[in-house]
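[1] Here's a sequence, model it:
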Amino acid sequence: MKPFAYARASDPADATAQAAADATFIAGGTNLLDLMKLEVMAPDRLVDISRLDLAEITETDDGGLRIGALVTNSDCAADVRVRQRYPLLSRAILAGASGQLRNKATTGGNLCQRTRCYYFYDTAMPCNKREPGSGCQAMNGFNRIHAILGASDSCIATYPGDMAVAMTALDAEVEIEGADGETRLVPIQEFHVLPGDSPEKDNILTAGDLITAVILPPPVAGKQIYRKVRDRASYAFALCSVAAVVEMDGGTIASAALAFGGLAHKPWRDEDVEALLVGKKPSAELFGKAADQLLAQAKGHGSNDFKIPLTRRVLMSVLQEATDTGAAA
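    Next comes the predicted model:
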């Protein structure tokens with residue numbers, strides 16, 4: 001690990017000012033410290049934000065929740081309001097990492113975690129995300145965990161988290177304080193970005209931006225499901241995950257929100273798939289059409305070709321459970 005300077009922020013304004021002057025935030029450090037040890041990231045200065053007053057979950061005026069950026073994953077998943085109103089979020093968090101890591105990992109840090117692409121972590125290999133213009137070794141290499149949607153010729157890495165996938169299905173917003181002192185709300189669906197020609201950029205944050213909270217809207221009616229398929233039962237990243245909020249009205253689907261993990265550089269949501277389902281009676285044919293719509297532009301790269309039929313089966317199974325039908329069996 002390369003030497004670095006360290007300072008502790010006294011308040012959010014101090015934190016954003018230091019970050020605007022080229023410091024890197026550290027809170028739980030569960031991802032950053034690994035990257036520093038491997039010299040994938042080598043910040044000159046760290047600003048510790050772990051003591052800021054951002055570790056509370058509070059009610060919003062409209063009946064939603066404001067989750068502070070420093071709320072740990074364990075505390076968020078265990079909060080009775082989250083468990084009762086947003087069980088999808090609690091399940092998604094508990095499906096990620098280990099108990100020890102969830103005790104340290106924070107809400108804001110979780111959103112900002114970097115890809116787990118093998119080549120990104122190996123500094124002996126070319127990686128456009130780590131060193132723009134050097135190439136993408138994963139494109140023709142071992143890419144079992146890599147993207148089948150939204151990738152580019154520059155990068156086929158995936159976003160690794162679970163929490164953000166659930167928050168995407170729940171229409172959460174990310175609260176960000178900038179170095180100018182202004183606070184803005186960004187729909188979580190717009191927070192992460194696709195690689196395009198700039199794979200080194202994971203999200204919309206700019207120098208000095210500090211995530212201060214995530215805002216959950218009032219809970220909606222319907223069944224909430226989080227399904228994660230991975231190589232082993234714990235401490236593994238998703239090959240495919242589905243977060244679903246589906247409401248039935250009589251025998252038809254009244255509303256549907258679907259987000260997918262393990263498939264793209266960001267939590268993936270396709271509103272055309274949701275629109276296809278709404279107002280229809282659940283059936284194997286309908287679920288198959290939804291899968292066709294989702295995967296119309298899917299592209300495998302060899303080792304991850306299996307993700308395409310896997311995603312189809314997982315989506316159809318989740319829709320079967322969400323609609324209490326056996327149509328997709």
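
[2] Let me see the ranges of the helices in the stretch 51-200 of the chain.
    Taking DSSP state H, counting those that start in this stretch, the helices of the stretch 51-200 of the chain run over residues 73-78, 80-85, 87-94, 99-104, 107-111, 118-121, 163-169, 188-191.

[3] now swap in the stretch 201-329 of the chain and tell me
    Ranges of helices in the stretch 201-329 of the chain, per DSSP H, counting those that start in this stretch, are 271-277, 284-294, 307-322.

[4] I26: which of the helices of the stretch 51-200 of the chain is closest?
    Set against I26 and scored by C-beta to C-beta, the helices of the stretch 51-200 of the chain come closest in helix 107-111, at 8.6 Å. To be clear about C-beta, it is placed using only N, CA and C from the backbone, and glycine gets the same treatment.

[5] Which residues does that closest one contact?
    27-32, 54, 67-73, 76, 161, 163-164, 174, 188, 191-192, 203, 210-214 (C-beta atoms under 8 Å, 6 or more residues apart in numbering).

[6] which stretches of this protein form strands?
    Along the chain, the segments classed as strands by DSSP state E run 5-8, 24-26, 45-48, 57-59, 65-68, 173-177, 183-187, 210-216, 223-229, 240-249, 252-261.

[7] can you tell me how far the closest residue to P12 other than its chain neighbours sits from K266?
    Among residues not flanking P12 along the chain, E177 sits closest, at 5.3 Å (C-beta to C-beta, 6 or more residues apart in numbering). To K266, E177 is 22 Å away according to C-beta to C-beta, to the nearest Å.

[8] just to revisit the earlier point, could I get the contacting residues of the residue nearest to P12?
    Contacts of E177 (C-beta under 8 Å, 6+ apart): P12, A13, T16, T183, D209, L210, T212.

[9] ok, back up a step: out of the contacts of helix 107-111, which end up buried?
    Buried by 16 or more other C-beta atoms under 10 Å: 27-32, 54, 67-73, 76, 161, 163-164, 174, 188, 191-192, 203, 210-214, out of these.

[10] Tell me how many other residues surround S10.
    10 (other C-beta atoms under 10 Å).

[11] for the one 5 residues further on, same thing?
    Around A15 there are 25 other residues, counting by other C-beta under 10 Å.

[12] about what we covered before: and L46, which of the helices of the stretch 51-200 of the chain is closest to it?
    Nearest to L46 among the helices of the stretch 51-200 of the chain is helix 107-111 (13.0 Å), distances taken as C-beta to C-beta.

[13] Looking at that closest one now, give me its mean pLDDT.
    For helix 107-111, the mean per-residue pLDDT is 98.

[14] how about the CA coordinates for it, as PDB?
    This file holds the C-alpha atoms of helix 107-111, laid out as PDB (Å, rounded to 0.1, in the frame of the first residue of the first chain):
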ATOM      1  CA  THR A 107     -25.200   2.800   2.700                       C
ATOM      2  CA  GLY A 108     -23.300   5.400   0.700                       C
ATOM      3  CA  GLY A 109     -20.200   3.200   0.300                       C
ATOM      4  CA  ASN A 110     -22.300   0.300  -0.900                       C
ATOM      5  CA  LEU A 111     -23.600   2.400  -3.700                       C
END
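
[15] what bridges to the residue nearest to P12?
    According to DSSP bridges, the residues that bridge with E177 are T183, L210.

[16] Quick check: it vs L101, distance?
    26 Å.

[17] coming back round to it: please identify the most buried of the helices of the stretch 51-200 of the chain.
    By mean neighbour count, with neighbours taken as mean count of other C-beta atoms under 10 Å, helix 163-169 ranks first of the helices of the stretch 51-200 of the chain at a mean of 29.

[18] Just list what it packs against, helices and strands only.
    Judged by 3 or more C-beta pairs under 8 Å, 6 or more residues apart in numbering; DSSP states H and E, helix 163-169 is in contact with helix 87-94, helix 107-111, helix 188-191, strand 240-249, strand 252-261.

[19] how far does the second one sit from the chain's center?
    Chain-centre distance of helix 107-111: 9 Å, with C-alpha atoms, centre = their mean, to the nearest Å.

[20] what's the answer for the third one, then?
    Between the centre of helix 188-191 and the centre of its chain there are 9 Å (C-alpha atoms, centre = their mean).
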